[in-house]
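In: With the input below, show me the fold.
(3 chains)
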Amino acid sequence: MKIKQNIAISDSGFIFNPTTGDSFSTNPIGQEIIKLLHNSKTEDEIRSFILETYQISRDHFEKDYYDFINVLKKYKLLEENEKD
Amino acid sequence: MTKLQYERPVLQLLNSGAMNKYGTRTEYTPYSHIEGVSVHGLTEKYGSPLFVISERQIRQNFKDANRSFKTRYPKVQFAWSYKTNYLNAVCNVFHQEGSWAEVVSGFEYDKALNNGVPGSKIIFNGPDKTEEELRTAVLNNSPIHIDHLDELYSLQEIAEELNLRPKVAIRVNMDTGIYPMWDRFGFNYENGQAWDAINKIMLNDKLDLIGLHCHIGTYMLAPNAYSIAAAKLSDLAINIKYKYKKNIQYIDMGGGFASKNTLKGSYLLGVDTVPTIDQFAEAICTSILNAGFLEEELPLLILETGRALIDDAGFLLGSVISNKRLSDGRRAVIMDFGVNIMFTSFWYDHKITPAQEFSEFTEDMVLYGPLCMNIDVIREHVTLPLLKKGDQVVVHTVGAYNMTQWMQFIALRPAVVMIDLKGVAHVIRKRETIKSIENEEILPDYLKSFSLNGVEKRTA
Amino acid sequence: MKKTDITIAVTGLNAIDSPGPGISVIRALRESSYYNPRIIGLSYDTMEPGIYMHDLVDKTYQIPFPSAGVDNLLHRIREINKKEKLDVIIPNFDAELFNFIKLEQRLSEDLNIKMFLPSLNQFEERQKSNLFAFGKKYKVKVPKNKTLFSLSEIPLIENDFTFPLVVKGKYYDAKIAYSREQIAQHFEKISVRWGLPIIIQEYIFGSEVNVTAIGDGTGRTVGAVPMRKQYITDKGKAWSGISLDDDKLLKITHDIIKATKWKGSLELEFIKTSNEEYYLLEINPRFPAWIYLAVGCGQNHPDALLKMALGRKVKSFSKHETGKMFIRYSYDMIVNLKEFEKISTLGEL
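Out: Just a heads-up that it's a prediction; the model follows:
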């Protein structure tokens, strides 16, 4: 899974999708995940990073993660040819 | 190394027309304590959901309202509206403050008697009073507020039968310029029904007409409507004096003052827009004082204020069961309390605050209750921090009508605790058990046995 | 003479096709004879053009929507005030006025921020649904109206009204009806959108004339400029208008301000009939979007309001130029995404 390469994310959590013209805001965790996706990290890598850094159980994070990925998909922020 | 505090990742589309983050009704400040008692501590001890009542707030509300009226009018009496909240502990706080009881059914009447309220201080209202209940009220010397002619005739018969002269008032309905007009209760002022009923009582002479009563509506936002109502009742009282040389002892203005809740569909918050008790008091007192009574003949002013005295003393604590995403992308959060125990969520957008710290990030969401029914919606639209399973919230201003209109549907009703003036919590109604419900059930003997797929029913 | 520095917060930066008054008010304030204002914009939406008009607005902060209530608004104003040391706030939206009026005393006493607003009573009295009573009380002609709560009440109004008549919603929308059936049609359409009641109003033939005015709260009219719209957009907003010489209209305006002791700015909307009768249609308790026309006619009302807010005495304007026109135009600004990002994520720009 990969975030579209032309998507810009700033330190304030502001995201701009130049293909659609939409802008978004996200919280620090969302920012972290998007940056990891941007750097082509795999789901496993992202999960272990978050579990190491934050107080959260694996099950709980997994549920939130898939929900977040679905939101990214809905707003067309992921590479279209990617399969999950 | 200590790990960082986790929060669910969120992504919000920024579009024009959406509320900015300063523009939502979010209360970022967690409401972690009620009267100094920890919300988490309360739910740990008494379970979630849990109703909490602040005794201090009730007494404060009562004192404020009492002062508003007493500084404007010489003779004022409050009567606690049982239907608003008839938990005995709540009623007794009001009785300690000096309130009479105002009841609308035989059940409530018995409750007031059991609380020790003298019969003469129980005002008996409502359209449904059985002959038996009327007889009891007459024997107890309670003021009976007549709702319709059939009741008037019944009372005259009872008076004759018992050879007593019941104390009565009539309920009057009227046009006060507000909509809807509550013309189903009592006798109409404008078309002469009320005056007609007064004449019937006065000429028949078996009943002692001591008061006039009205109750013009509920959650009233217009003090001026009360001013009109008070003027019309005063007008009737003065006509009675003129025609029959009889002084009416009291004018009962009923209840209906709005509380600080926000009605669904209203743009501004209730807490900012609803009139103060002072405004209602000013409207009513000025109207009666200017009506033309001789000073020594001014009637006692009775108020049956319910909602405005108890609503903000009640809180509902609850917990998140789950959060999910709806097919249209909206966030949905399921709480462990629903419309079954928070009936007023049908017409109010109750203020809901988290009970613990959160970051500044929020989400728009719909809040559902736990029932398996589509109507179980607590807030169609609310912006709250990123709630997760187990997080707790405080629903505000739920003291009126919820603890009397709640339903026992598929679950048991929660406990109610009252926090006293010293910050000590007392259970004033226990959490229901299956016993409290099944106690009244009777299973016929022939239904007591069955077997399923050859397996005999289990025995307890 | 060196002008005095002052910091003024202004709302209504939505200079769009149906504009708020903020930008016009700011232009007027920048022409103050006495003050050198630093202008703080207060915005609700991230796309209000004023946020990005840096030659007029020095800095903008997002504030909570009126529906968030008085406490949230006060909280935000405190935050802004810490950074900006506000002297005066000039609110320009109908929907926000209730909250600002509620805050007037606290802002003045706790934060020393001044406003110059009508009282809550003045504000309520002129509400659309109360306007008929307002007319009776202050002896101003107001088209006859009646509120309806159900379709079944339609036959009852026919004794009091002749066709055509106007069917109006509680907040917005007005349609003309020529028959009982049309009333019913409009009733249903409008009530679905704006709820009940529906207001039935007498239809007055004539042309619409407006006045922007300002009262000092004692009954004195500080200034008043009448205007007729010359060109109207499809949203019913003035695209151009012209200042009038109309003594009768000014007299009515002075009388209303005198009788109500109006405090602050207001816009009066009238219909003038062919026999020179004026019917009051609406009172807006704030500056109109076309307030800069008054400045162009020699009456700088925002400047006068600013002085009164700060407790200074102002003389009444004695005259205005007639035959001055305003013509509105739209203009495409080029805005960097960085700016949108700032106002969106930080709530200030």
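In: For the rest of this, base every contact and every neighbour count on C-alpha atoms.
Out: Will do.
In: what about the residue in the stretch 1-150 of chain C that chain A sits nearest to, helix or strand, and which?
Out: Closest to chain A within the stretch 1-150 of chain C is residue C:46: 12.1 Å, counting by C-alpha to the nearest C-alpha. Using DSSP states H and E, residue C:46 sits within no helix or strand.
In: Contact partners for residue C:48?
Out: C:13-16 (C-alpha atoms under 8 Å, 6 or more residues apart in numbering or on different chains).
In: in chain A, which ranges drop under the pLDDT threshold?
Out: A:80-84 (pLDDT under 70).
In: now do 80
Out: Applying pLDDT under 80 to chain A picks out residues A:1, A:80-84.
In: what ranges do the helices span in it?
Out: A:28-38, A:43-53, A:58-74 (DSSP state H).
In: Generate a markdown table for the ones you listed, with distance to chain C and mean neighbour count as supplementary columns.
Out: A markdown table is the format used below for these (distance: least, C-alpha to the nearest C-alpha, whole Å; neighbours: other C-alpha atoms under 10 Å in any protein chain shown):
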| stretch | distance to chain C | mean neighbour count |
| --- | --- | --- |
| helix A:28-38 | 13 | 19 |
| helix A:43-53 | 24 | 15 |
| helix A:58-74 | 19 | 15 |
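In: residues contacting the spatially most central residue of chain A?
Out: Centroid-nearest residue in chain A, with C-alpha atoms, centre = their mean: residue A:34, separated by 3.2 Å. Listed by C-alpha under 8 Å, 6+ apart, the contact partners of residue A:34 are residue A:3.
In: about what we covered before: quick one: closest of the helices of chain A to residue B:33.
Out: With respect to residue B:33, and counting by C-alpha to C-alpha, the nearest of the helices of chain A is helix A:58-74 at 27.9 Å.
In: quick one: is the closest one near chain B?
Out: Yes: contact of helix A:58-74 with chain B (C-alpha under 8 Å from any C-alpha of the partner chain) involves A:61, A:64-65, A:67-68, A:71-72.
In: just checking, what packs against that helix?
Out: Packing partners of helix A:58-74 (3 or more C-alpha pairs under 8 Å, 6 or more residues apart in numbering or on different chains; DSSP states H and E): helix A:43-53, strand B:11-14.
In: what residues does the shortest one touch?
Out: For strand B:11-14, contacts defined as C-alpha under 8 Å, 6+ apart pick out A:22-27, A:30, A:68, A:71-72, B:363, C:344.
In: how about these, which pair is most distant?
Out: Within the contacts of strand B:11-14, two members stand farthest from each other by C-alpha to C-alpha: A:68 and C:344, at 21.0 Å.
In: For the closest residue to chain C within the stretch 51-200 of chain B, grab the count of nearby residues.
Out: Proximity of the stretch 51-200 of chain B to chain C (C-alpha to the nearest C-alpha) peaks at residue B:179, 7.9 Å away. By the criterion of other C-alpha atoms under 10 Å in any protein chain shown, residue B:179 has 13 neighbours.
In: excluding its backbone neighbours, what's nearest residue C:295?
Out: In space, and not counting its chain neighbours, residue C:295 is closest to residue C:28: 6.6 Å by C-alpha to C-alpha, 6 or more residues apart in numbering or on different chains.
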